[in-house]
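Novice: sequence plus predicted model, see below.
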Amino acid sequence: MRRLNRNEEGVSPVIATILMVAITVVLAATLYMMLPSGSETDSTEALSGSIDSRSDGWLVEVNGGSVDWNADNIQLYNTDTGTASTTGSNPSAGDNFTITADGTDVWVVWNDNDGDGTINGGDSFRLTTSNPDAISNDWEFRVANTNLQLELE
């Protein structure tokens with residue numbers, strides 16, 4: 001019988017270590033790319049509400065959800081131009097503040113129903129103006145960073 005002369009040496013320990021580190025890095029990078037997409041949260045708070053047209057403006061009622069109060073989050077948004085009008089002040093619940101839209105002043109009063117300083121179910125906003133017809137259907141009442149967007153009709 002003929003005997004084959006084989007080199008029985010394995011991979012050097014240095015090469016084996018480098019390969020294991022490289023495989024670990026590739027797996028870690030793959031997991032990093034996959035996992036954040038599943039753990040990202042939407043920065044938009046879920047608020048729901050309804051709007052009723054009144055002779056001198058609108059009544060917005062918040063039905064559910066919760067978001068911290070910030071007057072700058074209260075917007076009249078022009079869907080035609082993509083611009084938002086806000087107030088420059090930070091009033092407390094029950095205070096009157098003004099937002100100017102299309103050159104028309106709209107007075108807004110927030111009724112914090114439970115007095116907790118957050119916009120949540122049971123709260124309402126009263127929007128009044130001397131000329132409701134000046135605010136066309138191109139305008140929405142919005143609470144910024146939430147999904148509450150109600151058309152002013």
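Specialist: Yes, it's here.

Novice: from here on, contacts and neighbour counts on C-alpha atoms
Specialist: Fine.

Novice: what's the neighbour count on residue 146?
Specialist: Residue 146 is flanked by 18 other residues according to other CA atoms under 10 Å.

Novice: shouldn't it be in contact with residue 49?
Specialist: No. Using CA atoms under 8 Å, residue 146 is not in contact with residue 49, being 11.4 Å away.

Novice: outline the domain layout of this protein.
Specialist: 9-40, 48-151 (automatic domain parsing).

Novice: contacting residues for residue 141?
Specialist: 74, 75, 76, 77, 148, 149, 150, 151, 152 (CA atoms under 8 Å, 6 or more residues apart in numbering).

Novice: and for residue 61?
Specialist: Per CA under 8 Å, 6+ apart, neighbours of residue 61: 49, 50, 51, 121, 122, 123, 124, 125.

Novice: quick one: pLDDT of the closest residue to it other than its chain neighbours?
Specialist: With CA to CA, 6 or more residues apart in numbering as the criterion, residue 61 has its nearest non-adjacent residue at 4.4 Å, and that residue is residue 124. Among the per-residue scores, residue 124 holds a pLDDT of 92.

Novice: name whatever forms a beta bridge with residue 124.
Specialist: Counting by DSSP bridges, residue 124 forms beta bridges with residue 61, residue 111.

Novice: just to check, it is in contact with residue 112?
Specialist: Yes. Between residue 124 and residue 112 there is a contact at 7.0 Å, judged by CA under 8 Å.

Novice: any stretches of this protein with poor pLDDT?
Specialist: For the chain, the stretches with pLDDT under 70 are 1-9, 36-45, 88-89, 136.

Novice: where along it do the strands fall?
Specialist: With DSSP state E, the ranges of strands along the chain come out as 48-54, 57-64, 66-68, 74-78, 83-85, 96-101, 104-111, 118-120, 124-128, 139-143, 149-151.

Novice: export those to CSV and tack on distance to residue 31?
Specialist: Formatted as CSV, those follow (distance: least, CA to CA, whole Å):
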stretch, distance to residue 31
strand 48-54, 36
strand 57-64, 37
strand 66-68, 33
strand 74-78, 40
strand 83-85, 40
strand 96-101, 48
strand 104-111, 46
strand 118-120, 38
strand 124-128, 45
strand 139-143, 36
strand 149-151, 37
